[in-house]
Every structure is written in structure tokens, then in C-alpha cells.
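[1] model this:
(chains A, B, C and D)
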There are 2 protein chains.
Amino acid sequence: MSGSGKRMASCDTCVVRNRAICAGLNNLELETLNAIGRRRNVTAGESLIWEDDDSLLVANVIEGVLKLTTSTEDGREQIVGVAYPSDFIGRPFGQTSSASVVALTDARVCVFSRNDFDRYAREHPELEHKLLERTLAELDRTRSWMMLLGRKNATEKIATFLLEMSDRLAETGCAPVIGPAKRFALPFSRQQVADVLGLTIETVSRQFTRLKNEQVIELPSRREVEIIDRAALIALAG
Amino acid sequence: MSGSGKRMASCDTCVVRNRAICAGLNNLELETLNAIGRRRNVTAGESLIWEDDDSLLVANVIEGVLKLTTSTEDGREQIVGVAYPSDFIGRPFGQTSSASVVALTDARVCVFSRNDFDRYAREHPELEHKLLERTLAELDRTRSWMMLLGRKNATEKIATFLLEMSDRLAETGCAPVIGPAKRFALPFSRQQVADVLGLTIETVSRQFTRLKNEQVIELPSRREVEIIDRAALIALAG
DNA sequence: CGGGTGTTTTGATTTTCGTCAAGGTTCGGC
DNA sequence: GCCGAACCTTGACGAAAATCAAAACACCCG
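    This is a model prediction of the structure:
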């Protein structure tokens, strides 16, 4: 038995084993990684990392959704990223983290101390490569979000957001879903949607209502969205 | 002689040799890298990479400043990044580039075909590591810019922008400047400042005028800025 | 040096979204 | 099933920035 006590369950059974940055490691490498990490459950609303803290942790998301946020002193908040299963979170390599990480749903993560992880990564180029690819992809996504924040109006923001949600949440589903989700549960409150899009909660609410009235979407409950007219949504996304 | 014809001048004399991702490579490694890259001059306004193109190139900036932009079909533009000497540009590893790259000033870059670079990088973990550190830093910067785009008002945006310019341009100077630049030449037109901040040119112009009237800055010419009251600027940046 | 072009500034007006305020809805606990 | 708290929606209003328009300025080139 490699693990004892609080060490994590074997990576063999990990549901993100083939999608996270640990994909491609052989059994021996995986065992070493196993030895420095541990599983942790985070309940919705709980913080995993604080802004400007020394960023002691990095982690892989196994299950659930988490938000990355930055805020100003006077309390304005902006969500700068969203982490889904198999995503990597935290800031390796010697900087303090520029964002806090808070669970939006109950979540399960596989955490490492930053130091342990840094050391391990430097010894395993294949893992660093995976991390690099992931970071480049995240940078691309972030940049296209800048376009949204800087140049799109409220309607375009909401439409773009709903389309992205429908794509991202489809990937997460257990069944091999073909294409984007038509109906899904939002992992965000209205305020959090506002914090993603750089809007106020009132504007978000009004836009949702408007899209519902125009039969573009249906809102079966507060947290659920059904896309009725995807083409219209795409047109509105600009 | 390793190089013939259009191959680049030796990296030995490169001014960013110790700051770019090639720092830390030994002479042999550098020679191989030398063999797949070449120097290129880009004049102000010229494109190096087009949005959604197959991104055939990656490059290191040797001298000058370049912008990374994305645009919507209807012509709205957002500058999503700015590259200074020693920065890396382009999208390695198999994706199409999500932004176009255009020179703001005359610039000199050291370009590689994406395929050559990818192959070389995978064989040189030390270089991949440098690239990873750089990408992580860029992601941090981009995220703090999202905060600005989503949650700051015009005054705060302009103040933050001027402070960042003063820091970034100081680093670039030849002399070992201590601290941020008090006076500097903007590499951006008013329209480009607007495209960085998600504002219109008129709003940018009015904010500049206002800061000048309030004696926070001086504007010796269209492209020059002098920071008179840095503390006030910091306070305004929010 | 002067004229033409493109850029920037300034002004007037409109639009969008934020703010403030009140009323509903949902949900969990007792 | 009722109560309270948190969350969401709606409305009226106001402020900030966008838009539209025109004038002023810088710069290039003959």
C-alpha cells in the first residue's frame, strides 16, 4: 500500500485521470505524485485560496465548479476565471496568487503544497508541458473574455455567457453528450453572473427576463436555463 | 560558421539574450535554436500575425512594442495584450491564434515557424519551463486587466493605464532606471488607448484633458506624458 | 511655407446601464 | 405549514459614457 492515513486514494480510480495534467504519467510517476497530494472536499461557498496570500496551494479539480476572483478595496468584485473538473488551479513557481478561489458548488479537488508541486513539476517535463498547454488555452479564453468585457453590451454579454455555459457544462456531463447542452443548471447566482460579465445584478436580471419574453430561453427555475432558440442567441452574442 | 544567408545574427549579441525565454540555454542549444529562427524587422502598423490564422509563427520581441488584438465582425476592437522586448508572442502547440499581432512602433523580432519551435521546445524542458513561467505571469496580468475592464470607471481606467505604462516603459530603458518613468513616450494613439481600456476615443481624450487641468499629468505632446502627481494618480486608480 | 490629411479635442445630445427603492419568490428550519 | 432570510425581479430615476458633429491641431510633402 502506498498511501497511509490522509494520503489520497489511488489515482487509478480518479475520474479526471485522463483529462487532467496528470494524464500521460506512468504508474511510478503517478505514485510519487500521489504521495505529495491529497484529496480535499470543499463545500459550496468555501474558499480554497485567498487573493494575495502566499498561495501555498495548487490543485486539480476533480468534481464541481470553482470561481477565481479579484476585488478592489471598496468591494467591487470581478470573476476572472471559472475552473471545471480536470482544470488546474493556483499559481505555481514563486509568485503570490493574484486571485482567490472559491467553490461555487460542492467540489472535490486534489491539492498539493506549492513547493512540493513545483519540485515535482521541474522533474517531470511531460507534466510541465501539459500545464503549459493548459495555461496557454486558459490565456486564450481569458483574452476572448476581455473582448466581451471591454466591447460588448449587456445583451451581447448575456448571450455569449449562456452559449459558453452551454458548451462548458456539456463537456462535464457523465454521458458522452454530443454538442452543447440545451438545458443546464447554472452554477452561478445572479450576482455571480453579474461578477463574471462586469454588470450589476439588476441588469442581469432584466436581460434574462427579456430573453425569456422573446422566447429565446426558458427559465424553469432560478438556477436552470433552457435554450429555446440557439440561433437567436448566437445572433445576439454579436 | 553556423549561419548562412538569411539566418539570424548570433544570439551572443542579442540585447534580450538574458531576459527572453532563451536565457539559460547553453551555447550548443542556442546554436540549434539559432538555426531555426531568423530576425525580422517590422515597421509600425505592420501585422505579424492575423487573428484566426493558422498561426504559422511564434517570436521573441527584441525591440519595440506590439499589440495583440481581437475584433468583432462589426469592427469593434479590443487590445488584449501588449508585447515589449523579451516577451514571447504567438501560440505554440497546435491551436490557431486567437489574436492578431501588430507593431505599434518599429520593432525587431526573432521569429520561428510554429512547427520548428514546437519541436525544439519539446526537446528542451528548460525552455518550456521559461515559457510556462512567462505564460503564467501574462495570465496574471491579463486577469488583473479583466478587473479593470469589468469594474473600473473611465477615470480609474486611465489612471491605472498611465501607472502601468510608466512601470513597463521604465524597464525598457537602456540606462538602469530605478523605479517607474516620470516622463515617457506613449506607444499608443488615443484610439489605441481606447482599445486597451474598452472606452471610446472621446472619453479617453476628455479624461486626459481633465487630468491635465487638475495638474496630475502634463502632456508635452500628443505622444508624451509626464506624471506630475503620482500619488494623486495612484489614488485615482482605485 | 502652405495646403491637405488624419488625429485629437471639444461641445451637444442620446443611450445604456447603474443606483435606489420596493415588492416578490424561493428555500430552509422549526 | 409558517416564518424569516436570502435572493431575485421590477420600476423610476440619474449619471456616466457613447454617439454625433464640428472645430482645432499636428504632421507630411511638395
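
[2] got a list of what the most centrally placed residue in chain A touches?
    Centroid check for chain A by CA atoms, centre = their mean gives A:Ala83 as the closest residue, at 1.3 Å. With contact set as CB atoms under 8 Å, 6 or more residues apart in numbering or on different chains, A:Ala83 has these partners: A:Val61, A:Val65, A:Leu66, A:Lys67, A:Leu68, A:Ile89, A:Val101. Just so you know, the C-beta spots here come from the backbone N, C-alpha and C atoms, and that holds for glycine as well.

[3] Let me see the backbone angles for the third one.
    As for A:Leu66, its main-chain torsions (degrees, to the nearest 10) stand at phi -130, psi 150.

[4] and it, what does it touch?
    A:Leu66 neighbours (CB under 8 Å, 6+ apart): A:Val42, A:Leu48, A:Val82, A:Ala83, A:Ile89, A:Val101, A:Val102, A:Ala103, A:Leu104, A:Ala107, A:Val109.

[5] Quick check: nearest residue in space to it, chain neighbours excluded?
    A:Ala83 (4.6 Å; CB to CB, 6 or more residues apart in numbering or on different chains).

[6] And the one you found, what's its pLDDT?
    pLDDT, A:Ala83: 97.

[7] any idea how far it lies from DNA strand D?
    As judged by CB to the nearest atom of the strand, to the nearest Å, A:Ala83 and DNA strand D stand 20 Å apart.

[8] measure that residue to DNA strand C for me?
    Taking CB to the nearest atom of the strand, one finds A:Ala83 at 24 Å from DNA strand C.

[9] For that residue, grab phi and psi.
    Dihedral angles (degrees, to the nearest 10) for A:Ala83: phi -110, psi 130.

[10] Let's verify A:Gln78: helix, strand, or coil?
    strand (DSSP: H, G, I helix; E, B strand; the rest coil).

[11] I'd assumed A:Ala99 was in contact with A:Thr69.
    Yes. Shown here, A:Thr69 and A:Ala99 form a contact pair, counting by CB atoms under 8 Å, at 5.9 Å.

[12] Overlap in contacts, the two.
    The contact lists of A:Thr69 and A:Ala99 share A:Glu51, A:Val80, where a contact means CB under 8 Å, 6+ apart.

[13] Which one's more surrounded, the two?
    A direct count of neighbours by other CB atoms under 10 Å in any protein chain shown for A:Thr69 and A:Ala99 places A:Ala99 higher, at 28 against 21.

[14] Enumerate every residue touching the more buried one.
    A:Ile49, A:Glu51, A:Leu68, A:Thr69, A:Thr70, A:Val80, A:Gly81, B:Arg143.

[15] May I have the predicted confidence score for the nearest residue to it once chain neighbours are set aside?
    Nearest residue to A:Ala99 in three dimensions, chain neighbours excluded: A:Leu68, at 4.2 Å (CB to CB, 6+ apart). pLDDT recorded at A:Leu68 is 97.

[16] Same question for the one 3 residues further on.
    With respect to pLDDT, A:Ser71 has a value of 94.

[17] ok so, going back, could you report the distance from the residue nearest to A:Leu66 to B:Leu104?
    Shown here: A:Ala83 relative to B:Leu104, a distance of 34 Å by CB to CB, to the nearest Å.

[18] now swap in A:Thr135 and tell me
    Taken as CB to CB, the span from A:Thr135 to B:Leu104 is 25 Å.

[19] doesn't A:Asp167 fall inside a helix?
    Yes. Counting by three-state DSSP, A:Asp167 is part of a helix.

[20] Find the nearest non-adjacent residue to it, please.
    A:Pro180 (4.8 Å).

[21] Quick check, the one you found in contact with A:Ala170.
    Yes. Judged on CB under 8 Å, A:Pro180 makes contact with A:Ala170 at a distance of 4.9 Å.

[22] Need the overlap of contacts for these two.
    With CB under 8 Å, 6+ apart as the test, A:Pro180 and A:Ala170 reach no residue in common.

[23] buried set for the top helix by length along chain A?
    Under DSSP state H, the helix in chain A containing the largest number of residues is helix A:125-151. If you call a residue buried by 16 or more other CB atoms under 10 Å in any protein chain shown, then helix A:125-151 has these buried ones: A:125-136, A:138-140, A:142-143, A:145-151.

[24] avg pLDDT for that helix?
    97.

[25] Would you mind measuring the gap between the ends of stretch A:96-113?
    Stretch A:96-113 has its terminal residues 13 Å apart, counting by CA to CA, to the nearest Å.

[26] Give me the contact status of it with DNA strand C.
    No. Using CB under 7 Å from any atom of the strand, stretch A:96-113 stays clear of DNA strand C, coming no nearer than 12.8 Å.

[27] right, and the helix or strand after the helix or strand hosting A:Lys157?
    Using DSSP states H and E, A:Lys157 falls within helix A:154-172. The helix or strand immediately downstream of helix A:154-172 is strand A:183-185, counting by DSSP H and E.

[28] In that following strand, which residues are buried?
    Those would be A:Phe184, for strand A:183-185 by 16+ other CB under 10 Å.

[29] any residues touching it, and which ones?
    A:Met165, A:Ser166, A:Leu169, A:Ala170, A:Pro220, A:Arg223, A:Glu224, A:Val225, A:Glu226, A:Ile227.

[30] try 10 Å
    Under the contact criterion CB atoms under 10 Å, 6 or more residues apart in numbering or on different chains, strand A:183-185 has outside partners A:105, A:162, A:165-166, A:168-170, A:172-173, A:217-218, A:220-228.

[31] Whichever helix or strand comes after it vs helix B:125-151, what angle?
    Next along the chain after strand A:183-185, taking DSSP H and E as the criterion, comes helix A:190-197. Counting by axes from the mean of the first three to the mean of the last three CA atoms, to 10 degrees, helix A:190-197 lies at 120 degrees to helix B:125-151.

[32] So which bits of the helix or strand that helix A:190-197 is followed by are buried?
    Of the helices and strands lying after helix A:190-197 in sequence (DSSP H and E), the nearest is helix A:201-213. Using 16+ other CB under 10 Å as the test for burial, helix A:201-213 gives A:Thr203, A:Val204, A:Gln207, A:Phe208, A:Leu211.

[33] follow-up on the earlier one: with just CA atoms, put the host helix or strand of the residue nearest to A:Ala99 into PDB.
    Applying DSSP H and E as the criterion places A:Leu68 in strand A:66-71. Output of strand A:66-71 as PDB, limited to C-alpha atoms (Å, rounded to 0.1, in the frame of the first residue of the first chain):
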ATOM      1  CA  LEU A  66     -15.000  27.000  -8.600                       C
ATOM      2  CA  LYS A  67     -14.600  30.700  -9.300                       C
ATOM      3  CA  LEU A  68     -11.400  32.800  -9.500                       C
ATOM      4  CA  THR A  69     -12.000  36.300  -8.400                       C
ATOM      5  CA  THR A  70     -10.200  39.600  -7.800                       C
ATOM      6  CA  SER A  71     -11.600  42.500  -5.900                       C
END
